[in-house]
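Engineer: sharing a model that was predicted from the sequence below.
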Amino acid sequence: MIKRVLELIHAGKTIPEIEEELKMEHSALVGMLEHMVKLGYLIRETPTPSCEKNDASICARCPLKKICVRINAVIYTITPKGMNLLKRN
């Protein structure tokens, strides 16, 4: 299940899309994502107002750039360890 969640995140799916595809409750998915952070597969990032000012950062390409700070979004990013798991058969 962890690998499938990583695949969906890598594909650019949102948390609601992942919940729907995996038929999971929101709280269950968030719990799994937080567990994946502890295992080192994901990094949890919380945008700050400076995100919008740093056009050289990844935030410049993010589709949530203009609203994420206002909605207090949490963004999960796959770590190199998570990418290694994705590459395994």
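Structural biologist: Cool, the structure landed.
Engineer: strands of this structure, residue ranges please.
Structural biologist: For the chain, the strands defined by DSSP state E cover 42-45, 75-78.
Engineer: out of these, which gets nearest to Met1?
Structural biologist: Ranking the strands of the chain by proximity to Met1 (C-beta to C-beta) places strand 42-45 first, at 13.8 Å. (C-beta placed from N, C-alpha, C; glycine too.)
Engineer: what helices and strands are in contact with the closest one?
Structural biologist: Judged by 3 or more C-beta pairs under 8 Å, 6 or more residues apart in numbering; DSSP states H and E, strand 42-45 is in contact with helix 26-39, strand 75-78.
Engineer: adjacent strands (with direction) for that strand?
Structural biologist: Strand 42-45 has the following strand partners under DSSP bridges: strand 75-78 (antiparallel).
Engineer: the partner strand - what's its average pLDDT?
Structural biologist: Strand 75-78 comes out with an average pLDDT of 88.
Engineer: using PDB, list the CA coordinates for it.
Structural biologist: Output in PDB follows, covering the C-alpha atoms of strand 75-78 (Å, rounded to 0.1, in the frame of the first residue of the first chain):
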ATOM      1  CA  ILE A  75       2.500  19.300   0.800                       C
ATOM      2  CA  TYR A  76       4.100  15.900   0.800                       C
ATOM      3  CA  THR A  77       7.200  15.500  -1.200                       C
ATOM      4  CA  ILE A  78       8.800  12.100  -2.100                       C
END
